[in-house]
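# Please find the sequence and the predicted model below.
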There are 2 protein chains.
Amino acid sequence: MPVDRYHHGNLHAALLQAGLNAARVGGPAALQLRELAAASGVSPSAVYRHFPDMAHLSAEVSRSAREALAKAMLNAAATVVEEPGDAGIGAIRRLHAIGRAYIDFAEREPQLFDTAFMTAGAAPSCADDPSAWEVLNAALDALVTTGELHASRRHEAPLIAWSAVHGMSGVLVRKMLPEPYRPDEAISATLAGVRDALHLRHPPEFAVAR
Amino acid sequence: MPVDRYHHGNLHAALLQAGLNAARVGGPAALQLRELAAASGVSPSAVYRHFPDMAHLSAEVSRSAREALAKAMLNAAATVVEEPGDAGIGAIRRLHAIGRAYIDFAEREPQLFDTAFMTAGAAPSCADDPSAWEVLNAALDALVTTGELHASRRHEAPLIAWSAVHGMSGVLVRKMLPEPYRPDEAISATLAGVRDALHLRHPPEFAVAR
DNA sequence: GAGGAATGTGAACGCTGAACACATAATTGC
DNA sequence: GCAATTATGTGTTCAGCGTTCACATTCCTC
């Protein structure tokens, strides 16, 4: 297709991608209409043919960032190797893996993580995407199935896991971890705390100096 | 003192207060130079006699919000009644009280909570104020002193407590709690999870349906 | 091929934070 | 007690932001 033509072709997707690129570097503040329009090789007003206003574009970028986070979690879970004689420990490792992937994402892409959760109150819930929440609950279901997690704890389990992991992510992103703590020990402690709170086993490879 | 005079008297403090008032209602986005100047009965450029730029004013408002949060925690801890024969359970109740105060603050003043932690990366650490972190550590010290918290867990304890409480606060503020969970059960579950992770006793009055 | 829908342009408008020269009040020094 | 200096506030101006509108161009359909 010709490179120079009046119509862009797929400006909606291009703006979204430009938004992700910008947010990756500069966070929510970098989501500027004129900037994204220029990055897509288009005049500012062209944006309004594809989004009602800047808030909707930002919201879609934010949603896209949440999807990337969920995808990173699924990826991490998929790489966990199954233990031949012990299905339970595999489930525990998978929960650990998705928790660590969540926090790793926040550390690796702090600005994008910030963008993912920038929505202040007016969020259309999170029942929209293949969300981190669903990935977490699938992992918890597996823990119940394998007998690692007592059914009586199943209901509150995602609250405990999510608040801890999401909280530590926020602390690391905002660089609020005080001296003398180091990010890696903070992450390990958080994940170990989740296993303790859920009364799970601690697989040997997760041992921390304690 | 005369109400109509050229010099304001204490514009710095007035702008800070105006900022807190605005942030309480509209969050970080409501911190606008012209708005705060007008609320203080002063022209926009007058602000620059007291703050180098808007970012510094916002940062001071944010810091002030963090102080308010810490004060709410101290307040809650002070109202905990001591158990005559059991100093340990008082310490546990105090930890519970400051955790609940933290989350309650976030629920009661979501916009102010958002303002308190809006600093994206460039925060001057949090060793500046009578911070929530210090209040938390004091409570944990008391738990060690009374023998409720094993010394070997003391180091990682604040990481576990803070990430869980801060994370649940963020979830509630951003209204990200999915159906069918209700805020009060989510808060109880989070705090119970912290006690579990720290291997603390569960005082009877904190019993939840589980 | 004609006509209409979809999409992009360019020039506005009101808003924002910021910078500047200038005006006024408070304070200091003699 | 008065002049000079400093501190503080005003008004104007500027660039950049999101947004709107009339208009131009291209694509699609009949």
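Great, that's in hand. If you're wondering where the values come from, they're calculated on a predicted model, not measured in any experiment. Residues are numbered from 1 along each chain as shown, chains lettered A, B, ... in the order given.
# How about the contacts made by the most centrally placed residue in chain A?
Closest residue to the average C-alpha location of chain A: A:Leu69 at 3.0 Å, with CA atoms, centre = their mean. Applying CB atoms under 8 Å, 6 or more residues apart in numbering or on different chains to A:Leu69 gives the contacts A:Tyr102, A:Phe105, A:Phe113, A:Ala116, A:Ala132. Every C-beta, even on glycine, is put in place using the N, C-alpha and C of the backbone.
# Point out where chain A drops to low pLDDT.
Within chain A, the segments meeting pLDDT under 70 span A:1-7, A:120-130, A:208-210.
# Now it against chain B: closest residue?
A:Gly167 (2.3 Å; CB to the nearest CB).
# That residue: how many residues sit nearby?
26 (other CB atoms under 10 Å in any protein chain shown).
# give the contact list for it.
Counting by CB under 8 Å, 6+ apart, A:Gly167 has contacts A:Thr190, B:Trp162, B:Ser163, B:Ala164, B:Val165, B:His166, B:Gly167, B:Met168, B:Ser169, B:Gly170.
# my read is the first one is in a helix, agree?
Spelled out, it's A:Thr190. Yes: judged by DSSP: H, G, I helix; E, B strand; the rest coil, A:Thr190 forms part of a helix.
# Who are the contact partners of it?
A:Thr190 neighbours (CB under 8 Å, 6+ apart): A:Gly99, A:Ile103, A:Ala164, A:Val165, A:Gly167, A:Met168, B:Leu159, B:Ile160, B:Ser163.
# Export the residues you listed to a markdown table and append columns for distance to DNA strand C and secondary structure.
Below are the contacts of A:Thr190 laid out as a markdown table (distance: CB to the nearest atom of the strand, whole Å; DSSP: H, G, I helix; E, B strand; the rest coil):
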| residue | distance to DNA strand C | secondary structure |
| --- | --- | --- |
| A:Gly99 | 39 | helix |
| A:Ile103 | 33 | helix |
| A:Ala164 | 36 | helix |
| A:Val165 | 35 | helix |
| A:Gly167 | 30 | helix |
| A:Met168 | 32 | helix |
| B:Leu159 | 35 | helix |
| B:Ile160 | 39 | helix |
| B:Ser163 | 33 | helix |
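# Give me the buried entries from those.
In the contacts of A:Thr190, burial by neighbour count holds for A:Gly99, A:Ile103, A:Ala164, A:Val165, A:Gly167, A:Met168, B:Leu159, B:Ile160, B:Ser163, counting by 16 or more other CB atoms under 10 Å in any protein chain shown.
# Skipping adjacent residues, who's closest to the fifth one in space?
Looking back up the chat, that one is A:Gly167. B:Gly167 (2.3 Å; CB to CB, 6 or more residues apart in numbering or on different chains).
# about what we covered before: greatest separation within the contacts of A:Gly167: which pair is it?
A:Thr190 and B:Ser169 (15.5 Å; CB to CB).
# how far away is A:Ala139 from A:Arg34?
42 Å (CB to CB, to the nearest Å).
# same deal with A:Leu20?
From A:Leu20 to A:Arg34 the distance is 17 Å (CB to CB).
# Between the two, tell me which one has more neighbours.
A:Leu20 (19 against 11).
# pretty sure the more buried one contacts A:Arg63?
No: counting by CB atoms under 8 Å, A:Leu20 stays clear of A:Arg63, with 10.7 Å between them.
# give me the number of residues near the spatially closest residue to A:Val171 that is not a sequence neighbour?
Computed as CB to CB, 6+ apart, the closest residue to A:Val171 that is not its neighbour in sequence is A:Leu177, at 5.6 Å. Close neighbours of A:Leu177, defined as other CB under 10 Å, add up to 20.
# in which helix or strand would I find A:Leu177?
Taking DSSP states H and E as the definition, one finds A:Leu177 inside no helix or strand.
# picking up where we left off before, put together a markdown table for the contacts of A:Leu69, with distance to DNA strand D, secondary structure and neighbour count on each row.
Output for the contacts of A:Leu69, formatted as a markdown table (distance: CB to the nearest atom of the strand, whole Å; DSSP: H, G, I helix; E, B strand; the rest coil; neighbours: other CB atoms under 10 Å in any protein chain shown):
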| residue | distance to DNA strand D | secondary structure | neighbour count |
| --- | --- | --- | --- |
| A:Tyr102 | 29 | helix | 26 |
| A:Phe105 | 26 | helix | 24 |
| A:Phe113 | 21 | helix | 26 |
| A:Ala116 | 19 | helix | 25 |
| A:Ala132 | 28 | helix | 25 |
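# Those residues into a markdown table, with extra columns for distance to B:Ala30?
As requested, the contacts of A:Leu69 are exported to a markdown table (distance: CB to CB, whole Å):
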| residue | distance to B:Ala30 |
| --- | --- |
| A:Tyr102 | 31 |
| A:Phe105 | 30 |
| A:Phe113 | 24 |
| A:Ala116 | 23 |
| A:Ala132 | 29 |
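# Give me the subset of these that also touch DNA strand C.
Near DNA strand C, taking CB under 7 Å from any atom of the strand as the test, no member of the contacts of A:Leu69 is found.
# List just the nearest of those residues to A:Ala207.
Closest to A:Ala207 out of these is A:Tyr102 (21.1 Å), distances taken as CB to CB.
# For the closest one, give me its contacts.
By CB under 8 Å, 6+ apart, the neighbours of A:Tyr102 are A:Leu69, A:Ala72, A:Met73, A:Ala132, A:Val165, A:His166, A:Ser169.
# So which of the residues you listed sit within strands?
Per DSSP state E, strands hold no members of the contacts of A:Tyr102.
# buried stuff in the lengthiest helix in chain A?
Using DSSP state H to define each element, chain A has its longest helix at helix A:54-78. Neighbour-count burial for helix A:54-78 flags A:57-70, A:72-74, A:76-77 (criterion: 16+ other CB under 10 Å).
# What of stretch A:150-161?
Per 16+ other CB under 10 Å, stretch A:150-161 contains these buried residues: A:Arg153, A:Glu156, A:Ala157, A:Pro158, A:Leu159, A:Ile160, A:Ala161.
# That's all I had, so thanks and see you.
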